[in-house]
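>>> Let's see this in three dimensions:
(one chain, ligands or ions: 1)
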Amino acid sequence: VKVTFVAADGSETSVEGEEGASVMQTAVANDVEGIVGECGGSMMCATCHCYVDDAWISKTGERQHDEDDMLEGAASEVRETSRLSCQIKLDQSLDGLVVHLPDEQF
Ligand code: FES
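I've put the predicted structure just below:
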């Protein structure tokens, strides 16, 4: 499943993620800067904050209420498209997914 991360400075990194892995795990496994995932995916940190590309919002779905609570503590601006990337699981319908990274996670 191909995922493209667009950094705050506009640079793009495309990686191949495993089906069933989260976007956060995919970023960490490929050393993508800009996603930290400090809590390991248990919705306790908000250092995996990302912005889903407008074209992909309908596929990734809306964020959950629990994510809203955690994003209140996010370091960067929270937008309509903000998600915790550990809560987005990859499957074939997300092949080609584009997510944008905030400029800071702490
Ligand atoms: Fe901590 Fe996503 S990795 S909330």
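
>>> Run through the bridge partners of residue 16.
For residue 16, the beta-bridge partners are residue 2 (DSSP bridges).

>>> number of nearby residues for it?
Neighbour count of residue 16, defined by other C-beta atoms under 10 Å: 11. From N, CA and C alone the C-beta is placed, and that goes for glycine too.

>>> Also residue 30?
15.

>>> contacting residues for it?
Applying C-beta atoms under 8 Å, 6 or more residues apart in numbering to residue 30 gives the contacts 13, 15.

>>> Let me see the ranges of the helices in this protein.
23-29, 57-60, 65-71 (DSSP state H).

>>> Highest average neighbour count across those: which stretch is it?
Of all these, helix 23-29 has the most neighbours on average by mean count of other C-beta atoms under 10 Å, namely a mean of 23.

>>> so what's the residue nearest the centre of the chain up against?
Central residue of the chain (C-alpha atoms, centre = their mean): residue 85, 3.0 Å from the mean position. By C-beta under 8 Å, 6+ apart, the contact list for residue 85 reads 22-24, 27, 35, 37, 48-50, 99.

>>> circling back to that earlier point, for the helices of the chain, give me JSON lines that also has mean pLDDT and distance to the ligand.
Formatted as JSON lines, these follow (pLDDT from 0 to 100; distance: least, C-beta to the nearest ligand atom, whole Å):
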{"stretch": "helix 23-29", "mean pLDDT": "98", "distance to the ligand": "5"}
{"stretch": "helix 57-60", "mean pLDDT": "96", "distance to the ligand": "14"}
{"stretch": "helix 65-71", "mean pLDDT": "95", "distance to the ligand": "6"}
